[in-house]
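In: Attaching a predicted model along with its sequence, questions to come.
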Amino acid sequence: MRTRTRCKLCGKKAVVTLPYANTRLCKEHFKEYFTRRIERTIRRYRMVSPGERILVTVSGGKDSVALLDVLSILSEKLGFKIHGLTLDLGIKGYSSEYVRVAEEVYGRLGVEYTILSLKETYGFTIDEVAGIKRRVCAYCGLVKRYVFNRYAWENGFDAIATGHNMDDLLGNALFAIMRGDLEALMKIKPVIPGREALVKRIRPLAFTREKDIKLYICLKKLPVVRTTCPYAVGATSGVFKSKINELEDRFPSIKYSFARTLYDKMQIQMEESDYQLRKCKICGMPSKSQICGFCRLRAELGKISL
Ligand code: Q46
Ligand code: ZN
Ligand code: ZN
């Protein structure tokens, strides 16, 4: 929410009112506040330790670009190293666009990075997946999780940082609660610890609102991809996300209390260790079944035989 009144900290013109924090801030103080909030989340959940190497996945969207920017600022202060990874999914008219944006952001922030082509590395594209599957995004998600994890594991990274923001996580949580999907609910937390060949996953934006990310991107004039993925359709969890936003208009701190309840207080009994992790007999990566979902997909695309 924008306002013409004054920053509570310095008296300059305020660019934002944050009802949940009961404050109004100018440009500079908002940027500081935004970064500090992420730093607090990282410290609170002990996401990284000094000397660790963090792989930051950058899709060119606002969340991952803001995340990379803030981590590049905090890396020196907190003593960790970052490396960007952008996966070229081979989606016609879209992938080339976000790869270009990601390279621009890496260049501007001076962050080392890798662009990985799904086609060159694994022999297929998401366009090919779309030719045989209806729920493209579900398979695209599976592919991204697999490729990011494998890249991080094979290159010795200590953690994978992703740009999931608080609104997305809460929307997904509410959706999971409504349909009684405890397995999905169990994964909605700021840190998913690593085990064996599964690399630790961290979500430093777990307490950051989508609205604040948009404002940060705008104030810092960071480039973000403007093209929409042709397979993007309104996710059901988006409906839950907007309901939570409606609630926030009436109860400004509701999202924070929900996030705290979800991340800290809800005793989700089903721990990750409750299920047996095996090795996929094709690729050797961790899997819940004999053959992992990624290898099954490759077989369906005719890229490997089982
Ligand atoms: S890239 Fe992939 Fe998204 Fe496109 S196919 Fe769906 S999941 S919408 S973030
Ligand atoms: Zn100020
Ligand atoms: Zn496999």
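Out: Thanks, I have the structure now. Numbers count the residues shown, from 1 in each chain. Ligands and ions are numbered 1, 2, ... in the order given.
In: how about low-confidence regions in the stretch 151-300 of the chain?
Out: Counting by pLDDT under 70, the stretch 151-300 of the chain shows low-confidence ranges at 234-235, 267-275.
In: which bits of it sit near ligand 3?
Out: Residues of the stretch 151-300 of the chain lying close to ligand 3 by Cβ under 5 Å from the ion are 280, 282, 283, 292, 295. No exception for glycine: its C-beta is placed from N, CA and C like everyone else's.
In: now those as JSON lines including secondary structure, neighbour count and distance to residue 216?
Out: Output for these, formatted as JSON lines (DSSP: H, G, I helix; E, B strand; the rest coil; neighbours: other Cβ atoms under 10 Å; distance: Cβ to Cβ, whole Å):
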{"residue": "280", "secondary structure": "coil", "neighbour count": "20", "distance to residue 216": "39"}
{"residue": "282", "secondary structure": "coil", "neighbour count": "18", "distance to residue 216": "42"}
{"residue": "283", "secondary structure": "coil", "neighbour count": "17", "distance to residue 216": "38"}
{"residue": "292", "secondary structure": "coil", "neighbour count": "22", "distance to residue 216": "37"}
{"residue": "295", "secondary structure": "helix", "neighbour count": "21", "distance to residue 216": "39"}
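In: Identify the farthest-apart pair in those.
Out: 282 and 292 (7.3 Å; Cβ to Cβ).
In: Can you give me the neighbour number for the residue in the stretch 201-306 of the chain that ligand 1 sits nearest to?
Out: Taking Cβ to the nearest ligand atom, ligand 1 has its nearest neighbour within the stretch 201-306 of the chain at residue 229, 3.1 Å off. Residue 229: 20 surrounding residues under other Cβ atoms under 10 Å.
In: How about residue 113?
Out: Neighbour count of residue 113, defined by other Cβ under 10 Å: 19.
In: Quick one: residues contacting it.
Out: The neighbourhood of residue 113, defined by Cβ atoms under 8 Å, 6 or more residues apart in numbering, consists of 58, 83, 84, 85, 86, 102, 103, 106.
In: and which of the residues you listed is nearest to residue 223?
Out: Using Cβ to Cβ, residue 102 comes nearest to residue 223 of the contacts of residue 113, at 9.1 Å.
In: For the closest one, what are phi and psi?
Out: Backbone torsions of residue 102, given as degrees, to the nearest 10, read phi -60, psi -40.
In: so where do the helices sit in the protein?
Out: 27-44, 62-78, 95-109, 118-122, 126-132, 136-154, 166-178, 182-186, 210-220, 236-250, 254-260, 293-300 (DSSP state H).
In: so residue 116 bridges to which residues?
Out: residue 87 (DSSP bridges).
In: Find the pair from the contacts of residue 113 with maximum spatial separation.
Out: Using Cβ to Cβ, those span at most 14.1 Å, a distance reached by 83 and 103.
In: related to what we said a few turns ago, kindly reformat the residues of the stretch 151-300 of the chain next to ligand 3 as TSV containing distance to ligand 1.
Out: Shown next, in TSV, are these (distance: Cβ to the nearest ligand atom, whole Å):
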residue	distance to ligand 1
280	22
282	23
283	21
292	19
295	19
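In: would you turn those into CSV with distance to ligand 2?
Out: Output for those, formatted as CSV (distance: Cβ to the ion, whole Å):
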residue, distance to ligand 2
280, 53
282, 56
283, 52
292, 50
295, 53
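In: In TSV: the residues you listed, plus distance to residue 204.
Out: Below are those laid out as TSV (distance: Cβ to Cβ, whole Å):
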residue	distance to residue 204
280	29
282	33
283	29
292	27
295	31
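In: circling back to that earlier point, ok, how many other residues are close to the closest residue to the residue of the stretch 201-306 of the chain closest to ligand 1 other than its chain neighbours?
Out: The spatial neighbour of residue 229 that comes closest, neighbours along the chain excluded (Cβ to Cβ, 6 or more residues apart in numbering), is residue 94 at 5.1 Å. A count of neighbours around residue 94, defined by other Cβ under 10 Å, yields 20.
In: Many thanks, we can stop here.
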